[in-house]
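> Can you look at this prediction? I've put the sequence above it.
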Amino acid sequence: MRCSTCGEYLSPGQTRCSTCGTGVSVLHGSAMPPGVRRCPRCGYHGEGIPYFRKGGHVALLTGVSLFTYGFGGLIYWLVRRKHLICPRCGLGWEHASRALTLAGGEPERRYLATQTSASLPSTGMKRRVLGVSLVLLASLLILIGFVEFEAAAVAFGAVTGAGGSLMFYWGWRGQQERRKALMQGLQQQVLRLAQARGGTLTVTEVAAEMDLSLPAAEKILTSMDDGFRIRSEISRDGILYYEFPEVLHRRELGSGS
């Protein structure tokens with residue numbers, strides 16, 4: 001196994017890199033099976049289940065199918081049939097993190113102990129599906145109204161379409177709020193990790209500790225870089241790292257005048 005920071009070879013059982021001093025977070029045999037993850041909402045550890053194994057989703061699929069003459073239900077099923085969810089709270093399994101057993105130094109263990117699973121806003125999926133279904137129904141009613149020269153059907157279809165558009169927008173706003181909450185949660189984890197690491201972090205460290213891809217870890221750190229409280233620097237060896245001055249110089253801070 002190699003160090004996630006400098007690439008030095010590490011022997012089994014080694015908890016800290018002898019070259020750069022980075023704590024080793026994942027040792028041989030400590031990772032759980034690939035399908036096992038941890039739900040950030042309810043803390044469930046295990047594997048996700050298919051989306052339509054949850055009774056509420058099956059009921060929603062049935063209702064949408066009946067309301068839209070099968071078209072909305074078919075679209076709903078095609079969109080969600082391959083998705084996995086948490087069997088306990090129904091959160092999308094793509095938001096769950098790999099369930100890893102960390103065996104690093106004391107700072108890493110304290111970092112994990114401080115994490116909490118906060119509830120997240122709804123994805124707005126039901127509202128978006130209902131909105132699309134209403135728009136489809138409105139299109140059908142307007143088409144029938146034009147073919148049969150029924151002004152009432154056209155008017156009712158227009159009102160239904162407007163309501164569906166508003167419903168879809170409501171669901172879309174919920175999805176955006178959820179993404180914002182997820183980003184804030186990830187940023188809080190980065191701050192805790194920065195405290196555990198003494199005030200400096202690299203993209204590779206964040207990706208390794210939080211089980212993220214390198215682009216995702218870089219996106220989080222870039223979103224936090226304000227050039228003041230968090231700033232990016234380049235070392236003499238050309239390594240990009242992120243510095244947290246308030247954490248880095250915490251012991252040097254004194255009382256204000």
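Thanks, I have it.

> any low-confidence regions in the stretch 151-257 of the chain?
Applying pLDDT under 70 to the stretch 151-257 of the chain picks out residues 253-257.

> And the helices in it?
151-196, 203-210, 214-224, 245-248 (DSSP state H, counting those that start in this stretch).

> any idea which of these is most buried?
Ranked by mean neighbour count, the helices of the stretch 151-257 of the chain are led by helix 203-210 with a mean of 22 (mean count of other CB atoms under 10 Å). C-beta here means a position set from N, CA and C on the backbone, and glycine is covered the same way.

> now that helix and helix 214-224, what's the angle there?
Interaxial angle, helix 203-210 versus helix 214-224 (axes from the mean of the first three to the mean of the last three CA atoms, to 10 degrees): 110 degrees.

> what about dumping the CA coordinates of helix 203-210 to PDB?
Below are the C-alpha coordinates for helix 203-210, written out as PDB (Å, rounded to 0.1, in the frame of the first residue of the first chain):
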ATOM      1  CA  VAL A 203      -6.800  17.300  -2.400                       C
ATOM      2  CA  THR A 204      -5.500  13.800  -2.100                       C
ATOM      3  CA  GLU A 205      -5.800  13.800   1.600                       C
ATOM      4  CA  VAL A 206      -9.400  15.000   1.500                       C
ATOM      5  CA  ALA A 207     -10.300  12.400  -1.200                       C
ATOM      6  CA  ALA A 208      -8.700   9.600   0.700                       C
ATOM      7  CA  GLU A 209     -10.200  10.400   4.100                       C
ATOM      8  CA  MET A 210     -13.700  11.200   2.900                       C
END
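
> just checking, what packs against that helix?
helix 151-196, helix 214-224 (3 or more CB pairs under 8 Å, 6 or more residues apart in numbering; DSSP states H and E).
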